[in-house]
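Visitor: Build me a model from this:
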Amino acid sequence: MMRLFVLICLCFLRSVAVNGQQSYAVSLISSDLKVRAGAVVRNEELTIEVKSFNQVDYRYRRVVTILNSSADAEAKIAVWYNKTRNIKSIKANIYNEFGLPVGKISEKNFRDESAARN
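Guide: Numbering: from 1, shown residues only. Okay, the predicted model is just below:
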């Protein structure tokens with residue numbers, strides 16, 4: 001069985017400029033972390049910038065390496081919003097097991113779904 005190695009770099013709520021891109025090659029993950037793991041969270045950042053009383057910007061970035069199909073759910077992106085909290089931008093980048101970019105998911109590829117059940 002061929003193992004699927006996919007790295008999804010999630011950046012949403014605003015574009016985050018990355019200076020000196022980190023390498024996300026699977027070979028750089030410690031073998032101790034890969035034992036019995038379906039996915040490894042490589043990076044997770046939340047930046048909150050208070051611009052004024054009525055304006056707060058959230059920037060969230062998450063990098064997850066999916067090691068096998070048992071962790072496919074880790075690749076799912078869910079962003080909650082309401083009348084007072086809106087989404088300015090959302091995107092995802094997909095990398096192969098060597099850390100090289102192989103695809104992008106733009107805002108138009110995301111679905112807007114209701115959080116309420118019918």
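
Visitor: Any regions of the chain where pLDDT drops low?
Guide: When the per-residue scores of the chain are filtered using pLDDT under 70, the ranges that remain are 1-21, 118.

Visitor: Show me the strands in it, by range?
Guide: Taking DSSP state E as the criterion, the chain carries its strands at 6-12, 39-52, 55-66, 90-95, 101-105.

Visitor: Out of the ones you listed, which one sits most buried?
Guide: Mean neighbour counts were taken over the strands of the chain using mean count of other C-beta atoms under 10 Å, and the top value, a mean of 22, falls to strand 6-12. Just so you know, the C-beta spots here come from the backbone N, C-alpha and C atoms, and that holds for glycine as well.

Visitor: Is it possible to get a markdown table of the strands of the chain that adds distance to S30?
Guide: Supplementary listing: the strands of the chain in a markdown table, determined by distance: least, C-beta to C-beta, whole Å:
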| stretch | distance to S30 |
| --- | --- |
| strand 6-12 | 16 |
| strand 39-52 | 9 |
| strand 55-66 | 12 |
| strand 90-95 | 18 |
| strand 101-105 | 23 |
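
Visitor: Tell me which of the ones you listed lies nearest to I29.
Guide: Proximity of the strands of the chain to I29 was assessed by C-beta to C-beta; the nearest stretch is strand 39-52, lying at 5.5 Å.
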